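Peer 1: Generate coordinates for the sequence data below:
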Amino acid sequence: VGRKMKYLLFSLLTFLAGSISNFALAPWDYIFVLLFSFPLFFLILQDIYYEKKTKNKYLFFIVFGNIFLFGYFLFGLLWISSAFDYRDGFAELKFISILGLPMLLCLITSPGWILTAFLWGKGLRGCFALSAGIITGEFLRSYLFSGFPWNLFGHSIGFNDYSMQAGSIFGFHLSGFFIILFALAPILFLKKKTLIWGFTFSLILPIFILYGYIRLPSEIRYLDKDFLIIQSKISQDKKLDSNEIGNIARKFLELSKTDNDVDLIIWPENAIPIFLSENQDIRLMLMQELENSKNLLVGDLIIKNENDIYNSAVLINEDGKITSSYDKVHLVPFGEYLPLTKYLKKFNFLKILTNEKGLSRGKSYEPISTPLGQARVLICYEIIFSNEVIRSEIRPNFIVNLSNDAWFNDNSGPYQHFSNAKFRSVENGLPLIRSSNKGISAIIDPYGRVIKKLSLNDEGSIYSRLPEKISETFYERYNNFVILVLLFLYFLCYRKN
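Peer 2: Model prediction:
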């Protein structure tokens with residue numbers, strides 16, 4: 001009975017540790033909460049590992065590791081369930097999204113806990129094992145089954161413009177490895193022989209901040225090209241109401257009025273819920289109303305080959321003609337297409353989310369030509385995939401992210417989505433323009449610093465000149481190759497020991 005009560009207590013404490021770790025991320029950004037949650041989790045794993053009665057240590061690590069991450073994912077991704085409030089028949093799916101998604105992510109990351117158990121040892125070795133296992137799990141969930149690299153532990157360095165600069169070298173996966181070691185420093189202060197390592201780990205975050213202080217310039221260099229970002233405040237139920245199309249169009253035209261003539265006006269994802277690509281007359285009418293610019297970049301749905309529909313961005317000139325476009329490549333599973341259609345189409349409740357065919361996947365990662373220069377367009381949650389930003393021999397002048405976060409109300413999701421936009425700027429040394437319905441819209445410099453922004457639920461416009469891109473970053477050049485080298489060296493050290 002005593003042993004069962006002990007494991008029950010450990011389970012509750014592990015769940016608590018995982019849950020409160022969310023406070024290290026946006027919108028809270030209390031990174032120091034990790035100094036409590038990770039040492040607590042470490043001590044529980046250590047007790048389990050060295051208890052003589054624990055026969056299958058790998059199984060126990062998987063169980064307690066997944067309890068930790070289940071708490072982390074459950075409270076960190078609750079915002080997703082609000083997307084099911086806007087259509088009839090979605091209410092039943094909220095329960096599936098609240099519990100099912102965290103369970104699926106735990107399943108995908110489980111091999112990381114096997115690695116942690118394999119590498120585990122006392123003190124310092126256990127710290128490396130825990131950090132390596134968690135980051136391995138994060139890599140797996142970032143790539144498997146289309147990937148979902150949301151709320152990586154490395155995102156916690158986004159609390160500060162200085163600390164965030166470490167992402168230009170390590171990216172945010174490997175930054176997470178170091179931040180977990182930093183969070184485990186209190187463990188190493190418990191014993192005299194690991195004091196030096198505890199002190200070393202405690203310096204990780206200050207070193208990140210110092211590097212950022214050295215890296216960040218005091219002034220931002222701008223090009224002689226200007227633009228206007230439009231942020232609407234249109235609720236999702238209105239966007240789904242065909243009777244509101246005229247009012248929505250008028251609202252965007254009203255928000256686009258300004259005293260400045262600009263090179264480009266930018267509207268968010270699927271701004272007006274009609275097929276602009278199929279309506280030359282409507283496009284021409286919109287451009288005639290936009291007196292302050294000859295070019296409009298706007299999210300739209302494009303029909304190709306009669307029945308293939310793409311979530312796209314189109315550049316419209318003063319004559320109402322589409323001069324260039326980008327089709328979204330990384331679609332949202334269950335939201336924009338039904339994965340494993342052959343098997344899942346049998347479940348009628350999944351057909352509520354998207355029709356059997358869904359949207360079609362774009363094929364090109366190439367930048368598009370705009371009056372501001374070469375633009376790498378990323379639509380909605382494409383912004384969370386660091387490995388998909390630069391996949392062309394042409395290095396763009398800037399990134400533009402069109403989104404519609406009205407689906408997710410006022411929860412943590414829109415703030416975390418916006419943070420990912422800053423991270424992509426840091427990693428690639430490129431300025432970023434973000435236009436999102438209901439927010440957060442902003443112009444971000446190539447160091448990830450927010451120059452101007454419109455907060456969640458604001459509406460209006462941002463006028464700015466385009467910041468100049470900087471030279472290629474270390475991360476952009478080598479991507480995650482550094483992680484593979486470090487893992488290789490770590491395994492060599494482990495074998496030697």
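Peer 1: Got phi/psi on the closest residue to Ile444 other than its chain neighbours?
Peer 2: The shortest distance from Ile444 to any non-neighbouring residue, by Cβ to Cβ, 6 or more residues apart in numbering, is to Leu432 (4.3 Å). C-betas here are computed from N, CA, C, even on glycine. For Leu432, the backbone dihedrals are phi -140, psi 130 (criterion: degrees, to the nearest 10).
Peer 1: Could you do Pro333 as well?
Peer 2: Dihedral angles (degrees, to the nearest 10) for Pro333: phi -60, psi 140.
Peer 1: Wait, it touches Ser146, no?
Peer 2: Yes - Pro333 lies in contact with Ser146 (Cβ atoms under 8 Å); the separation is 5.4 Å.
Peer 1: And the two? Which one has more around it.
Peer 2: Pro333 (17 against 12; other Cβ atoms under 10 Å).
Peer 1: before we move on, back to that, from Leu124, how far off is the residue nearest to Ile444?
Peer 2: Noted for Leu432: a distance of 39 Å to Leu124, by Cβ to Cβ, to the nearest Å.
Peer 1: Check Asp237 too.
Peer 2: In terms of Cβ to Cβ, Asp237 sits 55 Å off from Leu124.
Peer 1: mind listing what the spatially most central residue of the chain touches?
Peer 2: Nearest to the mean C-alpha position of the chain, by Cα atoms, centre = their mean, lies Ile384 at 3.3 Å. Shown in contact with Ile384 (Cβ atoms under 8 Å, 6 or more residues apart in numbering): 148-150, 417, 420.
Peer 1: mind redoing it with 6 Å?
Peer 2: 149-150, 420 (Cβ atoms under 6 Å, 6 or more residues apart in numbering).
Peer 1: just Phe385 next, same as before
Peer 2: His330.
Peer 1: For the stretch 251-400 of the chain, which segments count as helices?
Peer 2: 280-289, 341-344, 348-351 (DSSP state H, counting those that start in this stretch).
Peer 1: looking only at pLDDT, what's the mean for the second one?
Peer 2: Helix 341-344 shows an average pLDDT of 51 in the prediction.
Peer 1: Low-confidence stretches in the stretch 51-200 of the chain?
Peer 2: In the predicted model of the stretch 51-200 of the chain, residues 52-55, 86-92 satisfy pLDDT under 70.
Peer 1: any idea how far Phe36 lies from Lys251?
Peer 2: Phe36 is 46 Å from Lys251, by Cβ to Cβ.
Peer 1: before we move on, back to that, between Leu432 and Leu124, which is the more surrounded one?
Peer 2: Using other Cβ under 10 Å, the more surrounded residue of Leu432 and Leu124 is Leu432, with 27 against 20.
Peer 1: Bridge partners for the more buried one, pull those for me.
Peer 2: Beta-bridge pairing of Leu432 under DSSP bridges involves Ile399, Ile444.
Peer 1: ok, it touching Ile399?
Peer 2: Yes - between Leu432 and Ile399 a contact is recorded at 4.4 Å, counting by Cβ atoms under 6 Å.
Peer 1: ranges for the strands of this structure?
Peer 2: 222-231, 264-266, 296-304, 308-316, 322-327, 368-370, 373-379, 398-404, 432-437, 441-444, 450-454, 460-467 (DSSP state E).
Peer 1: For these, give me TSV that also has mean pLDDT.
Peer 2: TSV is the format used below for those (pLDDT from 0 to 100):
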stretch	mean pLDDT
strand 222-231	97
strand 264-266	97
strand 296-304	94
strand 308-316	94
strand 322-327	96
strand 368-370	97
strand 373-379	97
strand 398-404	96
strand 432-437	97
strand 441-444	98
strand 450-454	97
strand 460-467	97
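Peer 1: These: which one's closest to Leu190?
Peer 2: strand 450-454 (39.7 Å; Cβ to Cβ).
Peer 1: re the thing from before, pLDDT score assigned to the residue nearest to the centre of the chain?
Peer 2: Ile384 is given a pLDDT of 96.
Peer 1: which residue sits closest to it, ignoring its sequence neighbours?
Peer 2: Asn420 (4.7 Å).
Peer 1: What of Gly71?
Peer 2: Gly18 (3.2 Å).
Peer 1: how close does that neighbour get to Leu130?
Peer 2: The value you get for Gly18 to Leu130, if Cβ to Cβ is used, is 13 Å.
Peer 1: Also Ile282?
Peer 2: Ile282 is 56 Å from Leu130, by Cβ to Cβ.
Peer 1: The two: who's more crowded?
Peer 2: A direct count of neighbours by other Cβ under 10 Å for Ile282 and Leu130 places Leu130 higher, at 28 against 16.
Peer 1: For that one, give its distance to Phe60.
Peer 2: 14 Å.
Peer 1: repeat for Ser360
Peer 2: Distance from Ser360 to Phe60, by Cβ to Cβ: 45 Å.
Peer 1: OK, contacts around the residue nearest to Gly71?
Peer 2: 68-69, 71-72.
Peer 1: with these in mind, which one is nearest to Asp241?
Peer 2: Scanning the contacts of Gly18 for proximity to Asp241, where the rule is Cβ to Cβ, the winner is Tyr72, at 36.8 Å.
Peer 1: Give me the neighbour count for the closest one.
Peer 2: Around Tyr72 there are 25 residues (other Cβ under 10 Å).
Peer 1: I'd like the distance between it and Thr109.
Peer 2: Applying Cβ to Cβ to Tyr72 and Thr109 gives a distance of 10 Å.
Peer 1: Grab the nearest non-local neighbour of Ser21.
Peer 2: Using Cβ to Cβ, 6+ apart, the closest residue to Ser21 is Ser37 (4.6 Å).
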